[in-house]
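>>> The sequence and its predicted three-dimensional model are supplied below.
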Amino acid sequence: MIPYGERRLEYHDIQGLVQHDYVELPSAIFVLCQVTDPERAHAWLAGLVEQIERVSRLALDHPRRTSAVHVAFTSHGLSALGVAAEVLNQFPREFREGMATLQRERLLGDRGESRAVNWEWGAERDSTRADDHPRPDPRLHVMLMVYAHDADMLRDRIETLLPRGTDQGLRELKRFDTVFLAGPEREADGRLVGPKEHFGFRDGIGQPHVAGMPPSDPNVNPAEGNTIAPGEVLLGYANSYGEMPEGPTDVHGLGFGRNGTFLVFRQLRQDVKQFWDYVAACSDSEADAAIKLAAKMVGRWPDGTPLVVSPNHSNPEARTHNQFLYASDRDHPDPYGTRCPIGAHIRRTNPRDSLGDDPAQALELANQHRIIRRSRAYGPPLVENMDPKSMMGAVDNGAERGLHFLCLNAAIDRQFEFVQSLWANNPKFGNLYEDPDPLIGVQDGRTGQFTVQGQPIRCRYSNMQRFVQVRGGAYFFLPGIEAIRTLARNSTTALSR
Amino acid sequence: MSEQHALTVIVPVPDEKIEGLQALLNAVGRNITNPGAPGAGSVKLEWVRDYLPPSHTIQQGPHFIEFGRLTTVHFLRWVLLEPARDATGGLIAANLAFSTDYDGPFEEHVNELVMVAEPALRAIYSFCDPSPGNESLQAYLSAHRRQEAAFYRGHPGRSTQQILTVDNQSEEEQRLVLELELDRVHATRAATPSTIIERLRQATGRSGWKSAPSSGSPPGIATRTLVLVAFAGLTPLGILYGIGTHLFDQIPARVLFTVSMPLLAFALFAALLNLLNRIEHGREQRILQREGPPQQVDGSIDPYVADRSDVRLRMVTELEDRGPLVQNQLTHVVNVKPGIVRLALLRTVLATGNFLTHTLFVRGILTGIATIHFARWVLIDDNRRLLFFSNYDFSWESYLGDFIDQASDGLTGIWCNTTLFPRTRIHTVSGLVRLTMFVLRFLPWFSWLPAVHVFEGGARREQEFKRWTRDHQVPTQVWYSAYPRFSVTNVNGNTEIAQGLFQPLTGDVQAAWLRRL
């Protein structure tokens, strides 16, 4: 039984991004802004707030929607917009300090090229420290997120929200374009299978169901084993420990934090060519074997079929299948990783019931670290048709491509940072020895390996490389609607406690 | 079979020497070179020369200290405990705490410490009062040794040398030989489990191993302990029943009497404890509200206005996750609540925990947590403060999460006797039943019992407990691990792998052993 707390979810006050992934709105753009004139920015926010998409009471009503707008703020941004220090100090330390700190570099595995001091955006050198310690870019304040049905509509929408030539009290720092990738497989109705990420795998399937939230995505499995307490995502509701998440809310869930959530944004560059070259080299350039190895690394086939369900070939029936377990799955138990390797990306980032001796307890504990993913790809695909076989022979034109990794959670330290450090980067995950996450983990060239469990013995791939590099990132707060209104009125102290 | 022990040495530091000692320790801790390689780790003299006391005669050689030459040490640390105030406001002077987790016996360990690191030890302890002077360091360390109240071991019976090297081959090297052979087996696509295992045995030649490594726990001790515990529990019940025979004629009445008396007594005890908790909590809250922002009195940190600044936290956190994210350390100091009751309770809980971890739970799992190498609690400063040292795997967040999810009752039992701990309530009516179930669940025969909590709140107040832990953490200036790339599961896994080479393996056991590789 999941503790709901006393209160029902206040749909009208929660930004719809918590509920929707907007897969039906394939065009999206994220704009980073600096607040230059707080007074004008307040007026801009006051106009914006009424346009923000909320959680909809009716499930699956998204086909009617043609665009959506959301807004999030860094701690510098809240401060620039006049949030009092006493309110800011109630936010958890991770959010206040930001992603670009020495401690988080180590924890998140941002080493070498991925160090925060080498990022394109989001960090700067800390001039108060002798060594090259990073700190968050203090100019980063607001992120405007716009989703639309097509590129033209998106352009119109962003032009009305941030019209050129008018001073809204904001300076635009950076625009992040996105791209919707799909194919080469087709659904029964002829649509290309997607969304995919640049390596060629279907993305965004495994999402938790938030108790009390009408599901907007038919793929989200509302079973108890996939359901998390509202307080795992939203401030002001009880979390899995039956407590209020840390933040500016009181025991009744009231305050500036109410109905807000934390948004983690990391720009991840993907070296697609390098990835497919590596798996091809490991498979004597045999395309099918290479695809199988890549699937072992991911835990799903490119079209989304989970390996636990179908370890030897993809299965169109099971493309979005997410109702499975590892240790105690009823139809395809896989406690030892012979179907889906223990170190596979999806098994690490959501181990379900597989860690420890007691599957029921393991599932409960794993669900204390869930995140809601809202990522979008960026940059041109290596090959237009997204077919791994074409990718293996493709010539890289050098264009940058990757993923704007976005996720939502109520406790960044216990959720996003935990998944990244303890499950993805940790070479000792699940009793392994030197195996970080084969896709996103930190590879230490000397020792990094990937183990594919088998009968009677395992197969081992060594000299793993790092196929993903971090180009920038920041922690944002995605407030509730009323909190944004308060922010626009510059009266956050009224909501403080 | 090797016995692992804890050494804790606490020596006062005069105020005027705190800064100098801190600078030296920081220089040592920052400059431990090559900490990633097993058995390595040393500090070059040139890195610390500027921080040595002026009176110190500079020794020869390139190294200030060579940790890698210590064969009896698992983990080692120096922590400077700054001046502070106890729960009643009394001043506590600065102390230098030194600790090792070592393979016994004690004399051999201390002799080795002095042999390998005498100049470094003399340099460090010349900042203390008393300093060793011309005294032998062995005598000095022994004289300032503090007995730990509880000591936990995550891989009991494994000596550093077994983990690192035995006859020039460690369990880890053994495993690597096996891994390489498995890669070859895979290439040839051979065969049945039996033939594979035969090849593996030939490949290692079982070399380097004169005999199978022993397992950690001495056999039979758990059963004997259980009998002892049962006896200790049943005797009072017998006596109660005896009294019951004088009071009641009917057997059901006597049984009811026998059962209800302990329940009643426990409920009374728990109710009184909850009352005490409530009073103390109220008092702490009043003090917290009365006192202003963090301030230092006479250079000491007042416990009720603990320095919660982000700067201090940064000092603690930047000492974490330094090599590859495998091992970490935690040093934690907190005031014991005032009064004889609290101290007595604390001692009882710690002694019980210590007894159980050394007898029943010898398999190396602290109530289900398989990520702690060594941990200890030590009462210091005339029992006014409780010191906690831990050497654990992975990140602080995951460690604290394990604590809360899997050991909250034990930790609440200990730390509810210390100041500012998150509010705790012990279950009164069902307390004894819960406690019995809680203990029984650790035994394999009772693992079907549902999980119950003896306490409400305490460590289960997740974010408050984490904040409380951070608030009382102290930067660990010098920290050395003999095998920094090994997790607890790696150490124990290597042992099982090595043991498999010597045992006849059949059927399921065979498959399970091959899976470990």
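Received, thanks. Numbers count the residues shown, from 1 in each chain, chains lettered A, B, ... in the order given.
>>> Where does the nearest residue to residue B:473 once chain neighbours are set aside fall, secondary structure wise?
Distances taken as CB to CB, 6 or more residues apart in numbering or on different chains put residue B:316 closest to residue B:473, at 4.8 Å, once the chain neighbours are dropped. Heads up, the C-betas are built off the backbone N, CA and C, glycines and all. Assigned by DSSP states H and E, residue B:316 belongs to helix B:310-317.
>>> again, but for residue B:152
Going by DSSP H and E, residue B:152 is in strand B:150-153.
>>> go on, residue A:217?
Counting by DSSP H and E, residue A:217 is part of no helix or strand.
>>> So what's the residue count around it?
Other residues lying near residue A:217 total 18 when counted by other CB atoms under 10 Å in any protein chain shown.
>>> Show me what the strand holding residue B:152 is packed up against.
strand B:4-12, helix B:340-359, strand B:372-380 (3 or more CB pairs under 8 Å, 6 or more residues apart in numbering or on different chains; DSSP states H and E).
>>> low pLDDT regions in the stretch 151-300 of chain A?
Judged by pLDDT under 70, the stretch 151-300 of chain A has no weakly predicted residues.
>>> mind listing the helices for it?
Here the stretch 151-300 of chain A has its helices, by DSSP state H, counting those that start in this stretch, at A:151-161, A:272-282, A:287-298.
>>> Show me which positions of the longest one end up buried.
Neighbour-count burial for helix A:287-298, counted by 16 or more other CB atoms under 10 Å in any protein chain shown, picks out A:287, A:290, A:291, A:292, A:293, A:294, A:295, A:296, A:297, A:298.
>>> Comparing the helices and strands packed on strand B:150-153 by mean pLDDT, which bottoms out?
Of all those, helix B:340-359 carries the lowest average pLDDT, namely a mean of 89.
>>> Point out the residues in chain A that sit beside chain B.
A:92-93, A:96-97, A:102-103, A:106-107, A:109, A:239, A:241, A:243, A:245-246, A:336, A:356, A:361, A:365, A:368, A:411, A:413-414, A:417-418, A:421-422, A:425-428, A:431, A:433, A:444, A:453, A:456-460 (CB under 8 Å from any CB of the partner chain).
>>> In a strand, residue B:266, correct?
No: looking at residue B:266 with DSSP: H, G, I helix; E, B strand; the rest coil, it is helix, so not inside a strand.
>>> OK, contacts around it?
Contact analysis of residue B:266 by CB atoms under 8 Å, 6 or more residues apart in numbering or on different chains lists B:431, B:432, B:435.
>>> switch the cut-off to 7 Å
B:431, B:432 (CB atoms under 7 Å, 6 or more residues apart in numbering or on different chains).
>>> State the number of residues packed around the residue in the stretch 51-200 of chain B positioned nearest to chain A.
Here the residue of the stretch 51-200 of chain B nearest chain A is residue B:193; by CB to the nearest CB that distance is 4.6 Å. As a burial measure, residue B:193 scores 17 neighbours (other CB under 10 Å).
>>> ok, now residue A:108?
Neighbour number of residue A:108 under other CB under 10 Å is 25.
>>> and it, what pLDDT?
The model's pLDDT for residue A:108 equals 94.
>>> Check residue A:62 too.
The predicted local confidence for residue A:62 is 57.
>>> Could you do residue B:299 as well?
Residue B:299 is given a pLDDT of 58.
>>> Mean pLDDT per helix and strand in chain B: which one sits at the bottom?
Across the helices and strands of chain B, mean confidence by mean pLDDT, DSSP states H and E is lowest for strand B:296-297: a mean of 51.
>>> OK, contacts around residue 339?
In the absence of a named chain, this looks at chain A. A:307, A:308, A:311, A:332.
>>> now the residues you listed in a markdown table, with neighbour count, pLDDT and secondary structure?
Listed next are the contacts of residue A:339 as a markdown table, based on neighbours: other CB atoms under 10 Å in any protein chain shown; pLDDT from 0 to 100; DSSP: H, G, I helix; E, B strand; the rest coil:
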| residue | neighbour count | pLDDT | secondary structure |
| --- | --- | --- | --- |
| A:307 | 26 | 97 | coil |
| A:308 | 25 | 96 | coil |
| A:311 | 17 | 95 | coil |
| A:332 | 16 | 94 | coil |
